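In: build the 3D model from these lines:
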Amino acid sequence: MSRIGIKPIEVPGNVTITVEEATNTVIVKGPKGELRQPISRLLTLKQEDGKVNLERPNNLREARSQHGLARTLVANMVEGVTKGHTKQLDIIGVGYRATMEGRGLNLAMGYSHPVKVDAPEGITLEIKADDKARTQSIIVTGIDKALVGQVAADIRKVRKPEPYKGKGIRYQGEVVKLKAGKRASAKK
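Out: Residues are numbered from 1 along each chain as shown. The predicted structure follows:
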């Protein structure tokens, strides 16, 4: 049995889950919005007592491989429509900065031109400045976990952390292992 797939999903009272039988699409509606996700036809969704279980009829390899994935996707949808998902990126480096421009960002990352990043529908971007540490943070929020992660990855791709000084855009809590550089070998 799938260890993750057999866990029941707690559904708050203000969230409704329905399944479109024709396309086997799970629809989750909550206070923050509505999400849709197609799941495998080999799985069935059962609701009882404020909990949702995903069940598979047999132990075929394809059904086993989809069981845990579908349960996690539905759990992320329930969390998204109730609390939402966030990712925080830190900008580290002298002269690197971000400014809000409409719904998107204008990033000055050491290139000869500013880089513009537009927020797709359902995503909000926010900039938080830490004057003490002289850094800025970009906060990406939304109800769709995959879309929040993709937008954060696209922003990070503008200037990845470089390995010698650690400058660039990194996820909050990301550890960048710094290389020694040329001076370390000259001391021998």
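
In: how does the protein divide up, domain by domain?
Out: 9-82, 85-171 (automatic domain parsing).

In: could you export the ones you listed as CSV, including distance to residue 177?
Out: For the C-beta atoms, the positions are set from N, CA and C on the backbone; glycine is no exception. Shown next, in CSV, are the domains of the chain (distance: least, CB to CB, whole Å):
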stretch, distance to residue 177
domain 9-82, 30
domain 85-171, 7
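
In: dump these into CSV; add mean pLDDT and mean neighbour count as well.
Out: As requested, the domains of the chain are arranged in CSV below (pLDDT from 0 to 100; neighbours: other CB atoms under 10 Å):
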stretch, mean pLDDT, mean neighbour count
domain 9-82, 92, 16
domain 85-171, 93, 16
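
In: and residue 179, which of those is closest to it?
Out: Minimum separation from residue 179 across those (CB to CB) falls at domain 85-171, 4.7 Å.

In: how far does that closest one sit from its chain's centre?
Out: Mean C-alpha position of domain 85-171 versus that of the full chain (CA atoms, centre = their mean, to the nearest Å) differs by 14 Å.

In: what is the end-to-end distance of it?
Out: Its start and end residues considered, domain 85-171 measures 14 Å (CA to CA, to the nearest Å).

In: can I get the biggest helix by length in the chain in CSV, CA atoms only?
Out: If you go by DSSP state H, the chain has its longest helix at helix 61-82. Presented in CSV, the C-alpha positions along helix 61-82 are these (Å, rounded to 0.1, in the frame of the first residue of the first chain):
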residue,chain,number,x,y,z
ARG,A,61,1.8,-0.8,-11.2
GLU,A,62,0.2,2.3,-12.8
ALA,A,63,-2.5,2.5,-10.1
ARG,A,64,0.1,2.2,-7.3
SER,A,65,2.3,4.9,-8.9
GLN,A,66,-0.7,7.4,-9.2
HIS,A,67,-2.1,6.8,-5.7
GLY,A,68,0.3,8.9,-3.6
LEU,A,69,0.6,11.6,-6.3
ALA,A,70,-3.2,12.1,-6.6
ARG,A,71,-3.6,12.2,-2.8
THR,A,72,-0.8,14.8,-2.5
LEU,A,73,-2.3,16.9,-5.3
VAL,A,74,-5.8,17.0,-3.7
ALA,A,75,-4.3,17.8,-0.2
ASN,A,76,-2.3,20.7,-1.7
MET,A,77,-5.5,21.9,-3.4
VAL,A,78,-7.4,21.9,-0.1
GLU,A,79,-4.6,23.7,1.6
GLY,A,80,-4.4,26.2,-1.2
VAL,A,81,-8.1,27.2,-1.2
THR,A,82,-8.0,27.6,2.6
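
In: check the gap between the nearest residue to residue 62 once chain neighbours are set aside and residue 159 for me.
Out: Among residues not flanking residue 62 along the chain, residue 42 sits closest, at 6.3 Å (CB to CB, 6 or more residues apart in numbering). If you measure residue 42 against residue 159 using CB to CB, to the nearest Å, the figure is 43 Å.
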